[in-house]
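**Student:** Structure of the sequence below:
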Amino acid sequence: MSLRARAIHRQMPGRRAVLEAARLPRQSPTFILLCAAACAPLSACESTRGSISRQTSLLAASRFDVKPADSPERQNELSSLPPNRFVMRAKGDHVVYLYADPVVCDCLYVGDQMAYNTYKRFEFERHIADQQQLTAQMYQSRWDWSRWRWGPWGWDARFSWW
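**Tutor:** Below you'll find the predicted structure:
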């Protein structure tokens with residue numbers, strides 16, 4: 001019985017059954033690893049769906065036309081394209097970019113060279129904004145390296161214990 005359980009038991013005699021029922025069972029490390037492995041794909045699916053959703057919002061802002069796959073013929077055409085990837089096709093003397101989205105909207109995004117260039121510019125600007133936000137967060141943190149024996153040039157060897 002843990003120290004906390006003993007203290008509670010001394011304060012409330014006759015409650016041993018309640019304490020035994022409230023105690024958490026110890027799990028083996030194998031069980032914990034299996035639970036973590038089972039939950040990992042679920043979190044990956046959610047993050048993938050979120051990133052695809054952000055990408056499709058950039059596509060819509062870049063003036064790609066949205067064509068829903070609302071007929072069996074369109075659904076077959078959509079399934080023949082690689083999901084969530086750009087495909088370049090020639091249409092006469094023009095280049096057309098196709099982006100199949102079977103996850104979020106079950107539709108096809110169609111755009112020309114200008115729409116694709118706009119999308120790439122938006123994607124680059126979003127990457128720069130993410131990097132700037134990460135840098136701002138890094139410099140804004142109030143982490144005190146002196147407690148960890150970290151000097152201005154790295155690990156401070158003067159305080160080493162060996």
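
**Student:** so after the biggest strand by length in the chain, what's the next helix or strand?
**Tutor:** Criterion DSSP state E: the longest strand present in the chain is strand 94-101. Per DSSP states H and E, the first helix or strand lying C-terminal to strand 94-101 is strand 107-111.

**Student:** now the angle between strand 94-101 and that following strand, please.
**Tutor:** 160 degrees (axes from the mean of the first three to the mean of the last three CA atoms, to 10 degrees).

**Student:** What strands line up against strand 107-111, and which way round?
**Tutor:** Under the criterion DSSP bridges, strand 107-111 sits next to strand 65-68 (antiparallel), strand 94-101 (antiparallel) in its sheet.

**Student:** buried set for it?
**Tutor:** Using 16 or more other CB atoms under 10 Å as the test for burial, strand 107-111 gives 107-111. Placement of C-beta: from N, CA and C, glycine included.

**Student:** Which stretches in this structure count as strands?
**Tutor:** For the chain, applying DSSP E gives strands covering 65-68, 86-91, 94-101, 107-111, 150-151, 154-155.

**Student:** Can you tell me which of those strands is packed in deepest?
**Tutor:** Sort the strands of the chain by mean neighbour count, taking mean count of other CB atoms under 10 Å, and strand 107-111 sits at the top with a mean of 20.

**Student:** quick one: it to strand 86-91, angle?
**Tutor:** Using the same axes, to 10 degrees, the direction of strand 107-111 lies 60 degrees away from that of strand 86-91.
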